[in-house]
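Peer 1: got a predicted structure plus its sequence, pasted below:
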Amino acid sequence: MELDERLGLAHDPETPATMLIELAGDASSQVRATVAARPDAPAQALRPLTRDFDRDVREAVARNPSASRGNLLRLVADTDRWVRWAVAGNPACDEEVRRAMAGTADKELRGLLAEMPGLEPDLAEALLDDRSPEVRERLATHTEDPAVITALLADRTVRVRKGLALNQRTTAEHRHALARDTAVDVRSALVRAADLEEDDLRRLAHDRSAEVRRALATSARTPAHIRELLTDDPDETVAAEARRARPAPVTRPARRGRNRFVTGPSR
């Protein structure tokens with residue numbers, strides 16, 4: 001049977017399971033990858049493909065929403081990073097697979113885990129102590145857990161706290177603490193990313209860093225009355241940015257009445 005015919009069978013939704021199992025052992029990696037990507041592929045076809053010598057085939061299994069937990073656990077430990085990373089995006093990636101991801105030496109895979117919505121609280125807490133600042137930063141940016149956010153406020157790495165400033169799930173109390181962070185980058189990121197309380201806004205309008213005040217002057221989130229305060233900033237660049245960011249005045253079209261003709265005295 002020619003390659004085109006075998007590929008046609010691998011794509012055909014009417015191809016029986018017994019034939020798909022046979023095609024999983026095909027000499028062509030294209031055919032095997034096609035079988036590996038089929039959500040209706042039988043387990044007997046997918047299992048051997050998790051050990052296929054071709055990376056694209058294994059990656060196709062890793063992305064397949066019908067892949068079993070056992071197959072995904074095997075692929076989390078794959079020698080190829082792209083295969084491992086594909087597991088993280090699989091909707092079949094369950095708690096057991098996530099726990100395996102947490103224990104991997106792959107920093108990127110742990111980072112993908114940190115970004116997952118609804119992450120188990122104990123896994124999120126375990127990532128608080130991850131040796132990679134990048135993983136903790138990604139956790140800070142994406143976590144929905146208030147307790148984890150509170151814990152990350154004390155992280156010594158600026159990029160992690162900056163990640164918190166970008167997180168839309170912080171509470172007013174969290175943002176209040178971030179507005180007083182020692183790092184300029186954190187405070188600057190916060191005024192661009194979050195709606196702040198009046199007291200915090202006024203404090204930041206008099207921040208010791210011109211960079212923070214300039215970020216406040218140009219942020220789309222800054223209320224008009226706070227931006228107006230900055231138009232008199234001692235730093236001329238900040239003041240100029242605040243004036244430039246003022247909303248343009250609304251100009252109303254001139255009212256037009258009926259044309260009136262004034263006639264002078266007749267001659």
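Peer 2: Cool, the structure landed. Numbers count the residues shown, from 1 in each chain.
Peer 1: strands of the stretch 151-267 of the chain, start to end?
Peer 2: For the stretch 151-267 of the chain, applying DSSP state E, counting those that start in this stretch gives no strands.
Peer 1: so where's it shaky on pLDDT?
Peer 2: Scanning the stretch 151-267 of the chain for pLDDT under 70 picks out the ranges 248-267.
Peer 1: and the strand or helix carrying E134, what does it pack onto?
Peer 2: Taking DSSP states H and E as the criterion, E134 maps to helix 133-142. Applying 3 or more CB pairs under 8 Å, 6 or more residues apart in numbering; DSSP states H and E, we find helix 133-142 packed against helix 107-114, helix 121-127, helix 146-152, helix 158-166. Placement of C-beta: from N, CA and C, glycine included.
Peer 1: A194 contacts R169, correct?
Peer 2: No: checked against CB atoms under 8 Å, the pair A194 and R169 is beyond contact range at 10.4 Å.
Peer 1: who has more neighbours, the two?
Peer 2: A194 (21 against 13; other CB atoms under 10 Å).
Peer 1: for the more buried one, give its distance to R227.
Peer 2: A194 is 16 Å from R227, where distance means CB to CB, to the nearest Å.
Peer 1: before we move on, back to that, which residues sit against the helix holding E134?
Peer 2: Contact with helix 133-142 is made by 107, 110-111, 114-117, 124, 127-128, 130, 148-149, 152, 155, 157, 159-164, 166-167, as judged by CB atoms under 8 Å, 6 or more residues apart in numbering.
Peer 1: now do it, average pLDDT.
Peer 2: Taken as a whole, helix 133-142 has an average pLDDT of 98.
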